[in-house]
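>>> Can you look at this prediction? I've put the sequence above it.
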Amino acid sequence: MLSLKRLTRLGFSILIFAGFFSGNTVIAQDGKTLFQTNCASCHQVHKKLTGPALAGVEDRWPNKKNLYSWIRNSAAFLKTGDAYANNLYNEYNKVAMNQFTALTDKEIDALLGYIKSVPAPGTGPTGGGAAVGAPAEEGDNTLLFGVLTLILAVVALTLLQVNSNLRKMADEKEGINPEKPVSFFRNKRNIAFLAVILFLVGGYFTTQGAMNLGRSTDYQPVQPIYYSHKVHAGVNQINCQYCHTGVYQGKQATIPSVNICMNCHLAINEYKGEKMYTEDGKEVDGTAEIKKLYKYAGFVEGKPWDANNAKPIEWVRIHNLPDHVYFNHAQHVKAGQVQCQTCHGEIQKMGEVKQFSNLSMGWCVNCHRETKVQFKDNGFYSIYEKYHQDLKSGKMDSTKGVTVEKIGGTECQKCHY
Amino acid sequence: MEQKKHWQSFGELNQSAAYNKDVKDEFREDLPAVEENTGLLDAKAPRRDFLKYLGFSTAAAAVAASCEIPVKKAIPFANKPEDVVPGISKYYATTYVQDGDVVSVLAKVRDGRPIKIEGNDLSPLTGNGTSARVQASVLDLYDTARLRFPLINGREATFEAIDKEIAASIAGPVVILTSTLTSPTTQDAINQLLAKYPGSRHVTYDGVSYAGMLLANEACFGKKAIPSYHFDKAAVIVSLQADFLGTWLSPVEFARQYAAGKKINEQKPEMSKHIHFESVASLTGSNADEKHLIRPSETGSVAVALLSAINGQEITGIADKLTKEAVEHAAKALLAAKGSALVVCGSNDVNIQLVVNAINQAIGAVGTTINWGVTFNGRKGVDADMAKLIDDMKAGSVGTLLIQGANPAYTWPQAPAFTEALKKVKTSISFAGKLDETAVACKYVIPDHHFLESWGDAEAKTGYFSFMQPTIYPLFKTRQWQDSLLKWSGATTDYLSFLKGYWSAKLGGETGWDKALQDGVLNPATPVVAGAAFNGSAVAAAVSAISAAKKGDKIELVLYEKIGIGAGQGAANPWLQELPDPVTRATWDNYVVVSPALARTLLKIDLNDNGQADAYEVNPPKKVVKVTCNGQSVELPALIIPGTHPDTIGIAVGYGRTERLGKSVVGTGKNAYPMSSLNGNSVSLVQGNVEITLTTETYPVALTQTHSRYDTAQGNRTEVMKELTLAEYKHHPTEIRDERQAELAPWGGLENFEKQGTIYPVYDRPGIRWGMNVDLNACNGCGACVVACNAENNVSVVGKPEVLRGHEMHWLRIDRYFSGDMDNPNVVFQPMMCQHCDNAPCENVCPVAATNHSSEGLNQMTYNRCIGTRYCANNCPYKVRRFNWADYTGSDSFANNQVGIVNDVVLDMNDDLTRMVLNPDVTVRSRGVIEKCSFCVQRLQESKLKAKKESRPLEDTDLKVACQQSCPTNAIVFGNANNQHSAISITRKENPNRQFYVLEQLHVLPNVSYLAKVRNLEEEKKEA
C-alpha cells in the first residue's frame, strides 16, 4: 500500500499544508487540522468510510492507553492479541490502518476532542467548508462610474443641443443666413468621429480576441468518470496532496493512479451524499460513477483486488501549457507556499473541474511581480545578503517584501529553456 | 612573454587573402538578393504571388483560429510504482561495457527512459569521468537499425523455434568467439556450455589487439596479462606511439591519472613531464610536453636505443641526429626520475614490447608506476588464436560457432577468408544487436540486449567490479546472450538468478547484492600495488630481431583508431560521427593524414604559398590519393595535418561499414582493415613500403576547423590563447597577470576595468552569479564534453552536407590551436562555449530582445521570441551562436516536411524511436532560431529548487553542468562565484597568475575564465 506509506511519511509536511484550514477554538483547531491531515482520507466522524465512524470511539475502547497504541501502530498492537482490536480488524476486511508514530498523547487527545465536538448530522451545521485563500472581492465601482458617465454624457449632449439651438436663434435674429442644415449622419465630422470610435472599439476587441486564441479559460470538458472535487476535497476534506502526490516533489502535481483511488474506494462503494448535478443540470448517480472506477480497476466487489488488473483512466487534460514553458508545481507549492486555489480557483467547490486562470504569460508575470517569496523563512534566500540588509535598514519596504521579480523571477530563462 | 602566434588554419598562419575575406563574414551564404533591372513581374516573388500568399495565409489563419483546440489526454499510471514520480529523474548505477571497455556509470532515467549517461563517482578507476563513446552510448539504445527480433537464415523467427532448432543442431566441438570479456559470471556460463561439449573452447579476439603486449608480458613476467598503469605516480612519462589519452587500453582512467600530474599548484609549480614519440598526430601527442616525430618502423630502434641509453651504453641504429638527441634526453629524464618514471608503447610487436618491459624494469617502474598486483582485464585477445580458429573452421573441425562482440568479418586482416571459413561451420550463431558484417553471415542471429537493458557484471581490473542493471524494459524481442548460453547448456536458471546467486554467495546474501547493485561498484578494501619477478632472457633476442628488421624506405602507413569511432563500434552513432576529431577537426569521414612536407611533393600543395594554401583550405573538396599496400588499395581524400612524420601517412580504421548498421555509416569513409596484416602472433596495424599516388579526383571532407573563427578588427587569436612553459612560469609567475594589467591599464587596470571600461552601468548580482573555469592544463581535448552537451541539451545532428556548409550545431566546441614549427607544432585545445558575457554584444543588437541577461549572470536565449535575424551571431566575438538553418529536430507539425532538405541521418534522428533520447526539460528548437550554450540552465533551476525545498543555501554538490560532469580530468569547474567557499571562487582565488578571460580587452566581461596552459619545458622555447 504505497500511498498509505507515503501518507505517513509526509504526515508532517501535510500538517503545514493543511494549517490553512482553520476553525474556532485553539484545541479544536488543532484537533480538526490533525483529523483532516491524518484521518479524513479513511474516516469520518459519523459515517463509515474505509474505517469505522469515529464518533464515540473513546467509549468503545476499553482503555485509552490501548487506543493510543492502536493509533500509533495498529499492526504492532494487533500482535498483542487484543480481542477488540482483532475483531475490528476483521470487520474491516483486514485493511491495515496507517501508522502515526509521530502523534503525541496530547495530539491524540486533541483529535478525540475534535471528534467529540462534531455534532451528529441533523443536529447542527455540518463541518464548515474549507476557508479558501481566494482574494476577497474588492469593492467594484465600475457600475457607479458608468452610470455617472452616462448621465453626464446625456447632460453634455443636451447642453450642446441647447447651445446650437440658441446660436441658431441668435443668428436668425441678427439676420445671418443660417447654414443649410446637414443631417447628423451626413455630417463629415460625425462620420469621421464615428469611424475613429469604431476603429478603436473594433481594434480593441479584435486584439483581445486574438490574444485569447489558444487560451481556454473556463474549459470544462466531460471526463470519463464524473469525479467531484466538491465531494472529495470540499465535503470530505481530503487533502489535495493525498491524491496529487507529486505536487511537493516535482514538475507535475500528478493525477492519481487507480490504486490511489482504490485505497478508499475498496471500502466506499456507494455514494450517499448530497445530490450531484452536471453543468447541464443532469443528476449524477454517484454510485454508478464508483462502479465505473471499479471497471477501470478491474475490481469485482466481494473479491480481493489485484492492482495489476487496473487499466489507466484517460482523463481529459484541462490545463495545457505550451511546450516551451517550464512550470514546476514543487517550486510554487513547496518553495513558494502558494495555495492550490490561487491558480486553480475554488477547486473544492467544483463538481466538474474547469480552468480557472487563463494561464497566459501576462497572468504569470503579474503574479511574479506581486507575490512575495518566503524570504525570511526559506534558508535558500540567506545568500541575498544585500536584500536582507536593505530590509533591516528600511531601504526596502518590508510590507512589500522581496517579490519574485526582485530575485529574477520575471527573466526569460526562469520558464523558457 | 614573447608573443606566441597561435593558429588554427594555414590561412591564418599566412594571413592569406581568402582567409581574411572569409573571416569578415559570419555566415558563408549570401543573402538571396533580387536581381536588379528585372521588373516587378519577373522578380522571384512578384506582386501577384505576394497577394496569393497574403490571401492564403489570411484564410489559413482564419481557419486555424476557428478550429477547436485539440483535446489532450492526461493518462496516469494504473498502478504507480512507489519510487517513480513522473517528471523526476532517477539515477541507476550500471556499467558501460563495449567489448573490453568498462566504465562505471549512472543512467539518468526520466519517466522510464534512460536519456543521459553520467560517470559513477564511486568508481576509483574512472570516477565521474566518461568518454565521448560512453556519452553517446545512450543513443545506440534507440537506434532504428537495431535488430527487433531473432533471425534464422535472415528471416524472422521466435525464440522457441530457434531454441528448438539449435537444441537439435548444436554439436561439438563448440567454439565461443568473443571480444574480450570482463564478466566473471559470463565466463562461468561459458564454461558450463563448454563443459557440456568436450573439445570445445573459448576464443577471444579483439578488433584492435594488444597481443604483442600480452605475449611480451608472458615472456617477462610469466603472466599473459596487462598490468595497471599509474600515470599519476609518474613524474616522467615516455610514450612510444601509445595514444593513452585517446584510445589506448583504458583512456578514461589514464586521462584522469595524467591530469593529476598535469594540474599545477601556483605556489609550488611542479608537474609531470611527458615525452612522446609518434608518427601520426594523435590526441596524446598533441598534449605532450615534447613531441618527436619518428617513422613507425623506427619504433623498435628507438625503444632499443632508449634501453641502451638507460643502461649507459652507446646508442646505435638511429641515423637521425634529432631523434638520437631526443632519445638521450628522454633516457636522462627517465633515469633522473627512477622509481617514478613510466614508458608505454602502442606497438603490437612482441619484440618491441619486450624491450619496453626491459626499459620499465631498468627505470624501476615495475611495482611503482606499473602495478602487477592488479591486472587490466580489458584486452585479452591473441591474434594467433583467431588465425588458428579460421584454420580449424576451414578444416571443418568446428561444429558450432557462437559469436558475441567480435566482428572478424570486418576487422580481420583477411576478412574474406573468415567469411569463407564460416560457411564450413554447420551451426553459426551470432548475438550481435545489429546485423553487422559477421552476423549477416551467420545462420542464427539472436540479438543481445543493449547494455542499458541488461543485467551483468564486469571486472575491469582485478578486484574492481562493476555491476549492470536494466534501466528500461527491453524495447525489442531481444535476449541476453548469457540466457541463451545457460539454456543451451541445460541449466534451469536464467542469467539473472545465476548472477544473483553468484554475487549473493560472495557478498553475504541478498542485502550485500542489493547494496552492490545500488552502488554499481565493488572495490578492493585496500588497493594493492605490487611488482612482479622480471625475466629478461627474451630481451636480447628481441633486440637483435628489431635490429635485423627491415626498415621501411618508402612511405609508411599507420592505421589508427579515432577517439569517437574506435575499432568501428562508434561508426553507426550520429553523435560520434559528427564529433570533430580532436586533432584533424574532421567529421563524418576517414581520410589519409599527410604531413605538410609530403603535401608539397605528393599533393603539390605548398602551404607556405598563400594561393595554394587557400585553395586547399577554403574549399571542402580535398584531393584524393590512392594508397596501396599488401595488394590492397583504397582511395581516400588527403588531409594535411602538421605534426605528422613526413614519410608516414595515417588512415583511421572503423569506417566503411555495412549499410545495415544505420544511416550514419552510409557514404562515410572506407574500410582500412584490409591493409593490416598478421605478423606472426599479432596483427600489425603498421605497414612499410606503401605506394601512394595522387588521383585526379576530389572528395569533400566536412572539416570544422575553419568554421567559427573570430579574427576580427576587435580581436585576434593572440588574445584567445595563452600558453607558457614551466621554466617561464617559474622565472616570472605573474607574467600573464602583468600582461593583462598592462593591456587594461588605460581603463583602470584589472581592478577597475569592469567599471571604468564602459559607459554602461554595472549591474548587481544579488544572489547567485554563475561562473565557469576551464583549466587548459587538465583539458586534453577528448571531446566527452561535446557529446555530453549534445545529449543533455538536445543539440541536433545536422549531417555531413550541413557541416560542409558550416551549419554544425554544437554548443560546445573544442578549438585546436597550433603554435610554432609547422612540421611539428605545439598543439593546445580550448573548449569554447557561450562565455555568458555580463556586457554581451549579442544582447545589444537583438531587435526583439530574444537574448538578454539574467540577474544571475546568464546570457539567456529565448527561442520562442527569436525571429532569426542572426545579428547576435554576427556580433558574437566568440562565434558560439548557432542558427537552425533547417528543421533539424522535426519539430514542425507536418511529418516529413524536411525530406530532401536535410539528409537521411537527420531524418533518422527524428524517428519516434530515436526521439526517445530527448531531454524533456529542454525545448526542441525549430527552424529559424538561434541557440547556444545555456550553462545547462535546466540543471541550475533544478539545483536551486532542490536547495529551496530543503530550505538551505545552494551548495556545489547540488549541481554539475553536463560538460563538467562528463570530464574525465575535471578540467571544468562550475558554480556560484558569489559564494566565497564554492569551488569556482576557490579555483579563481588560488590561480590568479594563470587565470585569463578570452578577448578580455573588449570589455564583454565573460563569466567563463580559463587557466593558461603550462608546458613542462626546461628552456624557454625559441619561437618565430
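That came through, no problem.

>>> roughly how far apart are whatever residue of the stretch 101-250 of chain A ends up closest to chain B and B:Ile75?
Nearest residue of the stretch 101-250 of chain A to chain B: A:Gly250, at 4.2 Å (CB to the nearest CB). C-beta coordinates here come from the backbone N, C-alpha and C atoms, glycine included. Distance, A:Gly250 to B:Ile75, using CB to CB, to the nearest Å: 17 Å.

>>> quick one: which of these two has more around it?
A:Gly250 (22 against 12; other CB atoms under 10 Å in any protein chain shown).

>>> from what I can see that one touches A:Ala330, true?
Yes - with contacts counted by CB atoms under 8 Å, A:Gly250 reaches A:Ala330, the gap being 5.5 Å.

>>> give me the number of residues near the closest residue to B:Gly339 other than its chain neighbours?
In this structure, B:Gly339 finds its nearest non-sequential neighbour in B:Gly364, 4.3 Å apart by CB to CB, 6 or more residues apart in numbering or on different chains. Residues within reach of B:Gly364, counting by other CB under 10 Å, total 18.

>>> Distance of B:Gly364 relative to B:Ala235?
12 Å.

>>> Can you work out which residues contact both of the two?
Contact criterion CB atoms under 8 Å, 6 or more residues apart in numbering or on different chains; residues shared by B:Gly364 and B:Ala235: B:Ala341.

>>> In the stretch 151-300 of chain A, what residue spans correspond to helices?
A:188-212, A:229, A:240-243, A:258-265, A:286-297 (DSSP state H, counting those that start in this stretch).

>>> wait, which of the ones you listed is closest to B:Glu578?
Distance to B:Glu578, taken as CB to CB, is lowest for helix A:188-212 among those, at 41.2 Å.

>>> Now render the helices of the stretch 151-300 of chain A as CSV, adding distance to chain B.
Output for the helices of the stretch 151-300 of chain A, formatted as CSV (distance: least, CB to the nearest CB, whole Å):
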stretch, distance to chain B
helix A:188-212, 8
helix A:229, 15
helix A:240-243, 10
helix A:258-265, 5
helix A:286-297, 8
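
>>> Dump those to a markdown table, plus mean pLDDT.
A markdown table is the format used below for those (pLDDT from 0 to 100):
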| stretch | mean pLDDT |
| --- | --- |
| helix A:188-212 | 90 |
| helix A:229 | 92 |
| helix A:240-243 | 88 |
| helix A:258-265 | 89 |
| helix A:286-297 | 91 |
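
>>> Turn those into TSV, including mean neighbour count.
Listed next are those as TSV, based on neighbours: other CB atoms under 10 Å in any protein chain shown:
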stretch	mean neighbour count
helix A:188-212	10
helix A:229	20
helix A:240-243	22
helix A:258-265	21
helix A:286-297	16
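
>>> how about the ones you listed in TSV, adding distance to B:Ala255?
Shown next, in TSV, are those (distance: least, CB to CB, whole Å):
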stretch	distance to B:Ala255
helix A:188-212	54
helix A:229	57
helix A:240-243	47
helix A:258-265	48
helix A:286-297	54
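
>>> Quick test: name the residue nearest the centre of the chain.
This is for chain A. Residue closest to the average C-alpha location in chain A (CA atoms, centre = their mean): A:Gln341, at 3.0 Å.

>>> sorry, should have said chain B
Note: chain B centre (CA atoms, centre = their mean) maps to B:Ala132, 3.6 Å.

>>> May I ask you to confirm that it is in contact with B:Gln577?
No - under the contact definition of CB under 8 Å, B:Ala132 does not touch B:Gln577, with a separation of 11.1 Å.

>>> Quick check: neighbours shared by these two?
In contact with both B:Ala132 and B:Gln577: B:564, B:570, using CB under 8 Å, 6+ apart.

>>> pLDDT below threshold where in chain A?
Chain A contains residues with pLDDT under 70 at A:1-29, A:37, A:41, A:49, A:93, A:95, A:121-140, A:178-179, A:181.

>>> next structured bit after the lowest-mean-pLDDT helix or strand in chain B?
When each helix and strand of chain B is scored by mean pLDDT, DSSP states H and E, helix B:39-42 comes last, with a mean of 57. The C-terminal neighbour of helix B:39-42 among helices and strands, as given by DSSP states H and E, is helix B:47-66.

>>> Dump stretch B:632-649 to CSV, restricted to CA.
Extracted C-alpha coordinates of stretch B:632-649, given in CSV (Å, rounded to 0.1, in the frame of the first residue of the first chain):
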residue,chain,number,x,y,z
GLN,B,632,45.0,-3.9,-51.2
SER,B,633,44.3,-0.3,-52.2
VAL,B,634,42.0,2.3,-51.1
GLU,B,635,41.2,5.8,-52.4
LEU,B,636,40.7,8.5,-49.8
PRO,B,637,40.9,12.2,-49.6
ALA,B,638,44.2,13.6,-48.1
LEU,B,639,44.2,16.0,-45.2
ILE,B,640,47.3,17.9,-44.3
ILE,B,641,47.9,17.7,-40.6
PRO,B,642,51.1,19.3,-39.1
GLY,B,643,52.7,17.0,-36.5
THR,B,644,52.8,14.0,-38.8
HIS,B,645,56.1,12.4,-39.9
PRO,B,646,56.9,13.4,-43.5
ASP,B,647,57.3,9.8,-44.5
THR,B,648,54.2,8.5,-42.8
ILE,B,649,50.6,8.6,-43.6
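
>>> Now for the residue of the stretch 551-700 of chain B found nearest chain A, how many residues are close by?
As assessed by CB to the nearest CB, chain A sits closest to B:Trp575 within the stretch 551-700 of chain B, at 21.2 Å. For B:Trp575, the count of nearby residues is 26 (other CB under 10 Å).

>>> Hmm, it is touching B:Glu792, no?
No - the pair B:Trp575 / B:Glu792 is not scored as a contact, 11.7 Å apart, by CB under 8 Å.

>>> Quick one: name the residues of the stretch 701-850 of chain B near chain A.
B:764, B:766-768 (CB under 8 Å from any CB of the partner chain).

>>> Tell me how the chain divides into domains.
Assuming you mean chain A. A:2-117, A:184-212, A:229-359, A:369-417 (automatic domain parsing).

>>> That was the other one, I meant chain B.
Taken from automatic domain parsing, chain B resolves into B:151-209+B:382-519, B:228-366, B:555-703, B:708-714+B:729-1015.

>>> ok, B:Asn377 - contacts?
Per CB under 8 Å, 6+ apart, neighbours of B:Asn377: B:100, B:102, B:180, B:182, B:459-462.

>>> secondary structure class for the closest residue to A:Lys47 other than its chain neighbours?
Closest residue in space to A:Lys47, ignoring its immediate chain neighbours: A:Ala53 at 5.2 Å, by CB to CB, 6+ apart. What DSSP: H, G, I helix; E, B strand; the rest coil gives for A:Ala53 is coil.

>>> Am I right that A:Ala53 is in contact with A:Arg60?
No - counting by CB under 8 Å, A:Ala53 stays clear of A:Arg60, with 10.4 Å between them.

>>> quick one, strands of chain A?
A:276-277, A:283-284, A:315-316 (DSSP state E).

>>> Close to chain B: what parts of the stretch 301-417 of chain A are there?
Residues of the stretch 301-417 of chain A lying near chain B (CB under 8 Å from any CB): A:307-308, A:310-317, A:320, A:322-324, A:326, A:328, A:330-331, A:334-335, A:377-384, A:386-387, A:407-408, A:411-414, A:416-417.
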